[in-house]
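*Asks:* Below are the sequence and a predicted model for it; my questions follow.
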Amino acid sequence: YDLYYNKVLYKHYKKLFNICIKEQSVPDIIYSHFYWNSLMAAKLRADFKIPAVAIEHLSLFNEPRIPNHVMKYAAIAFKNVDTNIAVAKTMANNLHNKFGVSFEVAHNMYGAQFGISNDTVFTRDKNKPLQFVATGSLIYRKGFDTLINAFSQICIPKEKWQLSIIGGGPEYNNLETQIKNTGLQSNIKLLGQKDKPFIAEELKNSDVFVLPSRNENFSVAILEALSYGLPVIASDCGGIRECINELNGLIFPVEDINALAHTIEDVICNYEKFDRKAIAHDAELRFSPKAIASKLTQLFENVIKRKIQ
């Protein structure tokens, strides 16, 4: 079935690729995201003699056990393109160990609609509650249940904080019930699925971002928050340590509710130590579209030069 499916899929990829060539021109390079698209890119590379670059950011590759069919087709893809890229150093190491192929690193970036202007001034009314925000699909892997449990354990008075969770998904009803059972309906709000402009506005008006994931690769949600200078509380998984440091946030062990609660208390009590302007500037230097585009362009140019030589 897999073999037949891939043959049919590639037939359509090849047809679309020929249309692109006819309407535009022969591209200098093929750039693919995720192993299943990279498998098709490898086939196009062989048929059209065009160099291919594959970038991988599937969280599944950070798991200890990966389905056999994924290993099979990922191996074909990664070994038959010119350059492989991972979006985090931790993922690059994991993939190298699993497949014996070298991976460059180019981190994820935040979108052009995020970030502050140079003249932005951050002010906060200390008499108002500290505004926490979390974004992501409401699925078990994202760990929002641990976040709610942690807030139910903190010793800080309820009038000192608020939490908004933005996202939709199958865990919505369970989380809503959990919030009611902990008596935090006035403090924790599930805002549902929202578009990027809404998220950008919410981040701009918040004080702290929280990511309680059980498994993460290199979170774009964190980068979006950093672009607005928000200090981040994040679980220690995937490439989190590649973007969070003492300047811009705190890290806690995965699923450690007590540690998360203490970290939340720490941030509430010591919020003034964070410099939002400095956090936003650091994010711009490392994760803005300009910064990441420059890194990718260099990788692409190196691949093209090797072909010319």
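*Replies:* Perfect, thanks for sending it. Numbering: from 1, shown residues only.
*Asks:* Strands along the protein, start to end?
*Replies:* 30-33, 52-56, 83-86, 104-105, 130-135, 161-166, 188-192, 208-211, 232-235, 249-252 (DSSP state E).
*Asks:* Turn the ones you listed into JSON lines, including mean pLDDT and mean neighbour count.
*Replies:* Where C-beta positions appear, they are placed from N, C-alpha and C, glycine not excepted. Converted to JSON lines, these look like this (pLDDT from 0 to 100; neighbours: other CB atoms under 10 Å):
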{"stretch": "strand 30-33", "mean pLDDT": "97", "mean neighbour count": "20"}
{"stretch": "strand 52-56", "mean pLDDT": "97", "mean neighbour count": "24"}
{"stretch": "strand 83-86", "mean pLDDT": "98", "mean neighbour count": "22"}
{"stretch": "strand 104-105", "mean pLDDT": "97", "mean neighbour count": "17"}
{"stretch": "strand 130-135", "mean pLDDT": "98", "mean neighbour count": "22"}
{"stretch": "strand 161-166", "mean pLDDT": "98", "mean neighbour count": "20"}
{"stretch": "strand 188-192", "mean pLDDT": "98", "mean neighbour count": "17"}
{"stretch": "strand 208-211", "mean pLDDT": "98", "mean neighbour count": "25"}
{"stretch": "strand 232-235", "mean pLDDT": "98", "mean neighbour count": "26"}
{"stretch": "strand 249-252", "mean pLDDT": "98", "mean neighbour count": "22"}
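*Asks:* And these: which comes nearest H96?
*Replies:* strand 83-86 (8.7 Å; CB to CB).
*Asks:* The closest one: partners in the sheet, and parallel or antiparallel?
*Replies:* Using DSSP bridges, the strands paired with strand 83-86 in its sheet are strand 52-56 (parallel), strand 104-105 (parallel).
*Asks:* got CSV for the strands of the chain, with distance to E284 too?
*Replies:* Shown next, in CSV, are the strands of the chain (distance: least, CB to CB, whole Å):
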stretch, distance to E284
strand 30-33, 24
strand 52-56, 22
strand 83-86, 21
strand 104-105, 19
strand 130-135, 20
strand 161-166, 23
strand 188-192, 27
strand 208-211, 16
strand 232-235, 15
strand 249-252, 16
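*Asks:* quick one on the thing from earlier: of all the strands paired with strand 83-86, which one is nearest D195?
*Replies:* strand 52-56 (24.9 Å).
*Asks:* Dump the closest one to CSV, restricted to CA.
*Replies:* Only the C-alpha atoms of strand 52-56 are listed here, as CSV (Å, rounded to 0.1, in the frame of the first residue of the first chain):
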residue,chain,number,x,y,z
ALA,A,52,17.2,19.7,-3.1
VAL,A,53,17.3,20.9,0.5
ALA,A,54,15.1,19.3,3.1
ILE,A,55,14.2,20.9,6.5
GLU,A,56,12.7,18.8,9.3
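*Asks:* what's next to that strand, contact-wise?
*Replies:* By CB atoms under 8 Å, 6 or more residues apart in numbering, the surrounding residues in contact with strand 52-56 are 29-35, 37-38, 41-42, 44-45, 77-78, 81-87, 91, 95, 103, 106, 299-300, 303.
*Asks:* Pull the contacting residues for the residue lying closest to S32 once chain neighbours are set aside.
*Replies:* Spatial nearest neighbour of S32, chain neighbours left out: A41 (3.8 Å); criterion: CB to CB, 6 or more residues apart in numbering. Each residue near A41 by CB under 8 Å, 6+ apart is listed here: I30, Y31, S32, A52, A54, A77, V81.
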